[in-house]
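Undergrad: output the structure for:
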Amino acid sequence: MDAIQASYVAAFWDSEGTIGIWAQKKVRRPRAIYFRAGFTAANTNKELLESVHRDIGRGSIHSEKLSNANAKTCYRLTVSQREAEPILRAILPFLRAKKVQAEIAIEFLRLQKNSGRRGITQELWENQKALYLKCGPLNQRGLTIFRSKAEEIPFENERDYEYIPYHRKERPVRLCEREDCGEKHYGKGMCFKHYRKANPQIYGRKKKGITSLAEPG
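TA: Predicted coordinates for the structure are as follows:
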């Protein structure tokens, strides 16, 4: 990414993007809460996001479901935490509105590299929490006061952590709706045998290599 591309990406992220640190809970992990850096941008113009995606050379684009039926389809460009640091350093000199957030995110990512294979220490967790509390109010929308998710949650060491196993929810077994069948449901109210018979255009001809209904010869 050259200087021209970096300046364009910075201008786009200043107006349409988000750079921040979020706190998330994980019940089955040694810590009650963990922090991650976010580097995303959303827009209804998919071609615009694709052009930015080509400039940065990283990330992925996916569509989002909106509750408003009259709204256009929204697309989001997301850069993973591992890929974000070189992009942030490249666009940092050109950022204006989100320059402070970018500097905090770079410092957070630097701490994240030093976590090691054994996991995060309490000192490192407290430093990440301080950066989260510093960055949170900068991205707060409206006049509401920023409320931290980690204000009253202490760091929990793996030795003091109560492991909660995962239990899969039991779902009732659905059966074929055809008379006197009793086989397990596959699709559209039928078992695989009846579904295959009801959809000959999907099964049978493609496997035999027949592409035309005309008889050979």
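
Undergrad: point out where the protein drops to low pLDDT.
TA: 26-32, 114-119, 149-166, 203-217 (pLDDT under 70).

Undergrad: which stretches of it form strands?
TA: Secondary structure of the chain (DSSP state E): strands at 17-25, 33-43, 60-64, 74-78.

Undergrad: ok now the last one, how far from the chain's centre?
TA: Computed by CA atoms, centre = their mean, to the nearest Å, the chain-centroid distance of strand 74-78 equals 10 Å.

Undergrad: over to the first one?
TA: Between the centre of strand 17-25 and the centre of its host chain there is 11 Å, according to CA atoms, centre = their mean.

Undergrad: buried residues in it, which are they?
TA: 17, 19-21, 23 (16 or more other CB atoms under 10 Å). (C-beta placed from N, C-alpha, C; glycine too.)

Undergrad: ok, that strand: who's next to it in the sheet?
TA: When pairing is defined by DSSP bridges, strand 17-25 lines up against strand 33-43 (antiparallel).

Undergrad: please identify which of the strands of the chain is closest to Ser148.
TA: Ser148 lies closest to strand 17-25 among the strands of the chain, at 7.2 Å (CB to CB).

Undergrad: picking up where we left off before, let me know which of the strands of the chain is the nearest to Gly142.
TA: Of those, nearest to Gly142 by CB to CB is strand 17-25, at 15.0 Å.

Undergrad: returning to that earlier point: as JSON lines, the strands of the chain with distance to Arg54 would be great.
TA: Output for the strands of the chain, formatted as JSON lines (distance: least, CB to CB, whole Å):
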{"stretch": "strand 17-25", "distance to Arg54": "16"}
{"stretch": "strand 33-43", "distance to Arg54": "14"}
{"stretch": "strand 60-64", "distance to Arg54": "11"}
{"stretch": "strand 74-78", "distance to Arg54": "11"}
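
Undergrad: what's Gly187 in contact with, if anything?
TA: Gly187 makes contacts with Tyr195, as judged by CB atoms under 8 Å, 6 or more residues apart in numbering.

Undergrad: how close does it get to Asn199?
TA: 9 Å (CB to CB, to the nearest Å).

Undergrad: what's the local residue count around the closest residue to Lys188 other than its chain neighbours?
TA: Spatial nearest neighbour of Lys188, chain neighbours left out: Tyr195 (6.5 Å); criterion: CB to CB, 6 or more residues apart in numbering. For Tyr195, the neighbour count with other CB atoms under 10 Å is 18.

Undergrad: now Gln128
TA: For Gln128, using other CB under 10 Å, the count is 23.
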